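Asks: I'll drop the sequence and a predicted model, then ask my questions.
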Amino acid sequence: PARRLVATASAPSSSSSNDAGVLVLFAPTLRATQRVAALLAADARRGDVLCLHGEVGAGKSALSRAYVRAVAGDPHVDVPSPTFLLQQVYDDHCDDDDAGPPPVHHFDLYRLKGPGDCDRLGLEESFATASSLIEWAERLGERCPGERLDVYIDAAAVGDGADASEGAGVVVEMDDGEDGEEDGDDDDEEEEDEDD
């Protein structure tokens, strides 16, 4: 099935912007998805929060692996799913002076029942000191930070129009507007597709 990825930048309610910009990228292969993740990671900073939404198997795990590897600058970093541990911390690539890329705190909140289950995770510290990548972010409820990038992944055809071809595809839309919808998680396996 094809994939559609929509990213919406959420700003605090005190700021209002009518200058909504949309960036659309198609990523029909794993390599192309890795390029999308590299684009998202290119300007990664401490305090960034990326919330990933989508059904099981949508591609969040593949995007997460590629994002962590891009921030770390190492395509061979082992990035296991944090489904059972809830959180994986990646900071081996960080300098002591905080001048380089940020640590990445990767959360998978699939097993949590609600916001109260998040107490033990130290989310506020992660949100302040790392680039936080959160699968199943809707489990945070009101604890989800106001400044974040919501990334929605669902099935779509390449081109997503009447003449769209069936096959793998990812569309990224970055919009400085209102929050989007919520969806689920995935534990999809990493594919070895090397096509562009």
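Replies: That came in fine, so what should we check first? Everything numeric here is computed off the predicted structure, so don't read it as measured data.

Asks: now E142. Nearest residue, chain neighbours left out?
Replies: With sequence-adjacent residues excluded and distances taken as CB to CB, 6 or more residues apart in numbering, E142 is closest to P115, at 6.6 Å. For the C-beta atoms, the positions are set from N, CA and C on the backbone; glycine is no exception.

Asks: what's the spacing between that neighbour and L123?
Replies: For P115, the distance to L123 equals 10 Å [CB to CB, to the nearest Å].

Asks: residues contacting the residue nearest to E142?
Replies: 139-143 (CB atoms under 8 Å, 6 or more residues apart in numbering).

Asks: just the buried subset of these, written out for PyMOL, thanks.
Replies: Only the buried entries of those go into this PyMOL selection, using 16 or more other CB atoms under 10 Å:
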select buried, resi 139+140+143
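
Asks: turn the contacts of P115 into TSV, including distance to P101 and pLDDT.
Replies: Shown next, in TSV, are these (distance: CB to CB, whole Å; pLDDT from 0 to 100):
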residue	distance to P101	pLDDT
R139	27	89
L140	24	89
G141	30	86
E142	30	86
R143	26	87
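
Asks: that older thread, which residues are common contacts for P115 and L123?
Replies: Common contact partners of P115 and L123 (CB under 8 Å, 6+ apart): 140, 143.

Asks: the contacts of P115: which two are farthest apart?
Replies: Maximum pairwise distance among the contacts of P115 (CB to CB): 11.4 Å, between R139 and E142.

Asks: now the contacts of P115 as JSON lines including distance to P103 and secondary structure?
Replies: Formatted as JSON lines, those follow (distance: CB to CB, whole Å; DSSP: H, G, I helix; E, B strand; the rest coil):
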{"residue": "R139", "distance to P103": "22", "secondary structure": "helix"}
{"residue": "L140", "distance to P103": "20", "secondary structure": "helix"}
{"residue": "G141", "distance to P103": "25", "secondary structure": "helix"}
{"residue": "E142", "distance to P103": "25", "secondary structure": "helix"}
{"residue": "R143", "distance to P103": "20", "secondary structure": "helix"}
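
Asks: which among the contacts of P115 gets closest to Y90?
Replies: Taking CB to CB as the measure, L140 is the one of those closest to Y90, at 20.3 Å.

Asks: residues contacting the closest one?
Replies: Taking CB under 8 Å, 6+ apart, we find L140 in contact with 51, 109, 115, 118, 123, 134.

Asks: before we move on, what about A130?
Replies: 46, 89, 91, 102-105 are the contacts of A130 under CB under 8 Å, 6+ apart.

Asks: give me that answer again for 7 Å
Replies: By CB atoms under 7 Å, 6 or more residues apart in numbering, the contact set of A130 is 46, 102-105.

Asks: if you rank the residues you listed by neighbours, which is first?
Replies: In terms of neighbour count, V104 stands highest of the contacts of A130 at 29 neighbours, by other CB atoms under 10 Å.
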